[in-house]
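Asker: got a predicted model here, sequence first, then my questions.
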Amino acid sequence: MIRKATWADAPAIASVHVESWKTTYSGIVPDVYLETLTVEEKQTLWEKVLRQSDHSVFVAEENGRVVGFTSSGRNRASNGPAVQYDGELYAIYLLKGAQGKGFGRQLVQVLVNNLE
């Protein structure tokens, strides 16, 4: 299930954010940095984002649990080929166990429909 995120989703989004970084970027980003990532820090970030009217955040749920999310808003590019677009995908994250199940495609489709 894909739905618009609410402020109450901030802890779950933060958890997905941190866990997906640790599994996806292990071996790419130094472990020392990955170990510094905390759900509490990201929760503060997502609480702030979810209060902003110019941000759209959607979550993917599986069995009632948030397993992924997207964040989007206005295009932040000031020049170059990306300027032709009004909206931008800021982030997309999925837990490792949720990958390959179509959640990413569904999240992007909802995001695109929201930008239109």
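Answerer: Done, it's in. Residues are numbered from 1 along each chain as shown.

Asker: V66 pairs with what?
Answerer: E61 (DSSP bridges).

Asker: now the one 5 residues further on
Answerer: Judged by DSSP bridges, the bridge partners of S71 are V57, A91.

Asker: let me see the contact set for it.
Answerer: V49, H55, S56, V57, L89, Y90, A91, I92 (Cβ atoms under 8 Å, 6 or more residues apart in numbering). Yep, even glycine has a C-beta here, placed from its N, CA and C like the rest.

Asker: where along the protein do the helices fall?
Answerer: 10-24, 31-34, 39-51, 103-115 (DSSP state H).

Asker: ranking those by burial, who's on top?
Answerer: Neighbour counts (mean count of other Cβ atoms under 10 Å) averaged over each of the helices of the chain peak at helix 10-24, with a mean of 19.

Asker: isn't V66 up against F58?
Answerer: No. Shown here, V66 and F58 do not form a contact pair, counting by Cβ atoms under 8 Å, at 10.4 Å.
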